[in-house]
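Participant: Sharing a sequence plus its predicted fold:
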Amino acid sequence: MTNVSSKIQRRGLLLVLSSPSGAGKTTLSRALLAAEPNITMSVSVTTRTPRPGEVDGQDYYFTDAVGYAAMERRGELLEGATVFGNSYGTPRTPVEAAVKAGHDVMFDIDWQGAQQLAEKMAGDLVRVFILPPSGEALESRLKTRALDPPEVVAKRMAAASAELSHWGEYDYVIVNENVAESLAGLQAILSAERLRRDRQSGLTAFVRSLQKGLE
């Protein structure tokens, strides 16, 4: 018996996860990638040098400042930012190809990157903001994870406060108190967004075939 869903083509989506540092976004993104076969993580281009074990084209696309500037000039980046003197950006071509083929792409970017994606591919964008359960929990996670001196943790906390102010720009908000429950929430969002009428590009033809069969 033919699977009906295989007859209905679907346009992919861009799933953006943003959060202040320490809210658990990386843990959730890895869990979602492991649980969902039809979503991949966007691979950014960067001007920073590769770290030990990093693979070009898998972890990042590595380039120099001249190459990055050329990509910007040619309009080949969907979004980009400079962090600690290094540039990071999302190549346009692989993302657009994935979405057209019905594959979903996940982004681990901040609110600025989300705004830039909204300017270029608003109809394909699904934005989820991850909140910590409390300020105390966030501070504890930062201290435990990074093992930074108090002044560095204080800077991260200040940056987190600024990041939190953009939560209202997102479509969904998840308070990450329990990873399993938060993952279930992300999967529910993904399932619902995949079923949106305007993303099911083959739906019109399918409904017409149903009508024809009833004539």
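Facilitator: Noted; the coordinates are in hand.

Participant: Mind pulling up the pLDDT for the closest residue in space to A101 that isn't next to it in sequence?
Facilitator: Leaving aside its sequence neighbours, A101 sits nearest to G12 (C-beta to C-beta, 6 or more residues apart in numbering; 6.8 Å). In this view, the C-beta of every residue, glycine as well, is placed from N, C-alpha and C. On pLDDT, G12 comes in at 97.

Participant: now the helices for this structure?
Facilitator: 25-35, 65-73, 92-100, 111-121, 135-146, 150-164, 179-194, 203-214 (DSSP state H).

Participant: Give me the helices and strands touching the last one, please.
Facilitator: Here helix 203-214 is seen to pack against no other helix or strand when contacts are counted using 3 or more C-beta pairs under 8 Å, 6 or more residues apart in numbering; DSSP states H and E.

Participant: Using PDB, write out every CA atom in that helix.
Facilitator: Extracted in PDB, the C-alpha atoms of helix 203-214 (Å, rounded to 0.1, in the frame of the first residue of the first chain):
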ATOM      1  CA  LEU A 203      -1.500  19.400  -1.500                       C
ATOM      2  CA  THR A 204      -3.400  21.200  -4.300                       C
ATOM      3  CA  ALA A 205      -2.700  18.400  -6.800                       C
ATOM      4  CA  PHE A 206      -3.500  15.700  -4.200                       C
ATOM      5  CA  VAL A 207      -6.900  17.300  -3.300                       C
ATOM      6  CA  ARG A 208      -7.700  17.600  -7.000                       C
ATOM      7  CA  SER A 209      -6.900  13.900  -7.500                       C
ATOM      8  CA  LEU A 210      -9.300  13.100  -4.600                       C
ATOM      9  CA  GLN A 211     -12.000  15.200  -6.200                       C
ATOM     10  CA  LYS A 212     -11.500  13.500  -9.600                       C
ATOM     11  CA  GLY A 213     -11.900  10.100  -8.000                       C
ATOM     12  CA  LEU A 214     -15.300  11.200  -6.600                       C
END
